[in-house]
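Colleague: Here's a sequence, model it:
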Amino acid sequence: MFKRIIYFTFFLSLWLGGIAFRTVLIWAFSTTLITYGVLPLVYHFCPALQRHLVFLTFVNYPRSIDFSKPEKEGLPGTRNFYLDTEENVKVGVWHILPESLLSSMPVETTDRDAWFENSLSDHRPVILYLHGNTASRAVAHRIELYNVLRKMDYHVVAFDYRGYADSTPIPPNETGVVHDAKVVYRYVKERIGSSPFIVWGHSLGTGSPTLTTDTSNTAVGAVLEQDTDDGCHPLAFFSKKLMTAEQKYSTFDMELLAVYKAVRHFHHMLEGRRFVVQTDHQPLVHAFTKSVDAWSAWQQRTCQQ
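Modeller: Sure thing, here's the model as predicted:
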């Protein structure tokens with residue numbers, strides 16, 4: 001409805017500005033026909049265009065990345081290697097060590113690869129990161145996420161699907177990128193032993209994490225979990241003591257504050273993806289189905305932020 005109002009207002013302003021009414025009608029009809037008729041038909045009957053718009057491999061930034069030297073991108077203690085996913089197809093992979101292992105990493109290149117592979121079975125959690133469309137595993141916001149996870153003492157394995165970055169430059173499709181992910185998954189799974197294993201994705205490679213929040217009279221807390229076939233696996237925990245003024249909030253406002261603080265704390269992991277918020281406060285669930293006009297100014301600001 002809002003878009004229609006803007007659309008109508010724009011053409012009305014053209015007419016009031018002195019442009020002939022017939023010309024305005026022709027422009028309005030033409031743009032409507034192109035937007036809602038021609039473009040959808042072109043998209044529907046052009047698989048190549050669909051593939052380009054879904055995978056966006058042509059959006060490649062930053063350029064001139066040396067993937068063999070991830071330390072130049074702010075990732076010391078990272079191994080770069082390649083896996084053959086099928087004949088004539090390889091994908092570039094990074095294994096990013098937990099922060100606690102950086103000091104024990106060997107310098108010699110002969111033992112380095114074997115040491116990295118053996119470290120995956122050291123009982124620290126291992127995260128296989130599946131990035132979304134556009135760019136590569138070396139884009140700044142993904143590197144920021146790797147560093148957050150490694151500070152939590154996680155191994156991180158990140159790779160680029162076919163058609164991206166330094167992987168084989170062939171047009172990707174759904175079957176191909178899923179196959180690439182399965183090959184990297186099996187590679188990691190065969191080497192981690194009994195270490196916890198979590199598949200973590202954004203956008204194109206997304207999964208749906210769950211953020212469970214709760215509050216007491218003096219503090220708020222949350223746990224971020226990943227849903228798998230074996231149930232929910234905890235990824236990280238959060239708690240924060242409430243200020244004196246916050247302890248006087250109503251139950252509804254305290255539960256809302258718990259969600260707000262938890263989302264802000266885990267924004268590196270939640271930004272740009274769908275996730276589920278669980279709360280034991282039923283009024284908070286119902287509140288999100290009502291008009292925000294019924295909320296106080298503080299409640300509206302908290303939700304918007």
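Colleague: Now the residue minimising distance to the centre of the chain. Nearest residue, chain neighbours left out?
Modeller: Per C-alpha atoms, centre = their mean, the C-alpha nearest to the average position across the chain is that of residue 202, at 3.0 Å. Among residues not flanking residue 202 along the chain, residue 132 sits closest, at 4.4 Å (C-beta to C-beta, 6 or more residues apart in numbering). Every residue, glycine included, has its C-beta placed from N, CA and C.
Colleague: Go ahead and confirm that neighbour touches residue 200.
Modeller: No - between residue 132 and residue 200 there is no contact under C-beta atoms under 8 Å: 11.7 Å.
Colleague: Please identify which of those two sits among more neighbours.
Modeller: More crowded of residue 132 and residue 200, by other C-beta atoms under 10 Å: residue 200, with 23 against 17.
Colleague: The residue nearest to residue 202 and residue 57: what is the separation?
Modeller: 12 Å (C-beta to C-beta, to the nearest Å).
Colleague: With residue 73 instead?
Modeller: Applying C-beta to C-beta, the value for residue 73 to residue 57 is 20 Å.
Colleague: In terms of neighbours, single out the busier of those two.
Modeller: residue 57 (23 against 20).
Colleague: tell me which residues of the host helix or strand of residue 299 are tucked away?
Modeller: Residue 299 belongs to helix 297-304 when assigned by DSSP states H and E. Judged by neighbour count (16 or more other C-beta atoms under 10 Å), helix 297-304 contains these buried residues: 299, 302.
Colleague: Then stretch 100-107?
Modeller: Result for stretch 100-107 [16+ other C-beta under 10 Å]: buried residues residue 101.
Colleague: What of stretch 163-179?
Modeller: Those would be 163, 164, 165, 166, 167, 168, 172, 176, 177, 179, for stretch 163-179 by 16+ other C-beta under 10 Å.
Colleague: Where do the helices of the stretch 151-300 of the chain begin and end?
Modeller: 174-189, 251-265, 267-270, 282-287, 297-304 (DSSP state H, counting those that start in this stretch).
Colleague: closest to residue 126 out of the ones you listed?
Modeller: Each of those has some distance to residue 126 by C-beta to C-beta; the shortest is helix 174-189, at 6.3 Å.
Colleague: what is the rounded mean pLDDT of that closest one?
Modeller: For helix 174-189, mean pLDDT is 92.
Colleague: Dump it to PDB, keeping only the CA atoms.
Modeller: The C-alpha trace of helix 174-189 is given here as PDB (Å, rounded to 0.1, in the frame of the first residue of the first chain):
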ATOM      1  CA  GLU A 174      21.700 -25.700  -6.700                       C
ATOM      2  CA  THR A 175      22.900 -29.200  -7.200                       C
ATOM      3  CA  GLY A 176      26.500 -28.100  -7.600                       C
ATOM      4  CA  VAL A 177      26.800 -25.900  -4.500                       C
ATOM      5  CA  VAL A 178      25.000 -28.500  -2.300                       C
ATOM      6  CA  HIS A 179      27.400 -31.200  -3.600                       C
ATOM      7  CA  ASP A 180      30.400 -28.900  -2.700                       C
ATOM      8  CA  ALA A 181      29.000 -28.400   0.800                       C
ATOM      9  CA  LYS A 182      28.500 -32.100   1.300                       C
ATOM     10  CA  VAL A 183      32.100 -32.900   0.200                       C
ATOM     11  CA  VAL A 184      33.500 -30.300   2.700                       C
ATOM     12  CA  TYR A 185      31.100 -31.600   5.300                       C
ATOM     13  CA  ARG A 186      32.400 -35.200   4.900                       C
ATOM     14  CA  TYR A 187      36.000 -34.000   4.900                       C
ATOM     15  CA  VAL A 188      35.400 -32.300   8.300                       C
ATOM     16  CA  LYS A 189      33.200 -35.100   9.700                       C
END
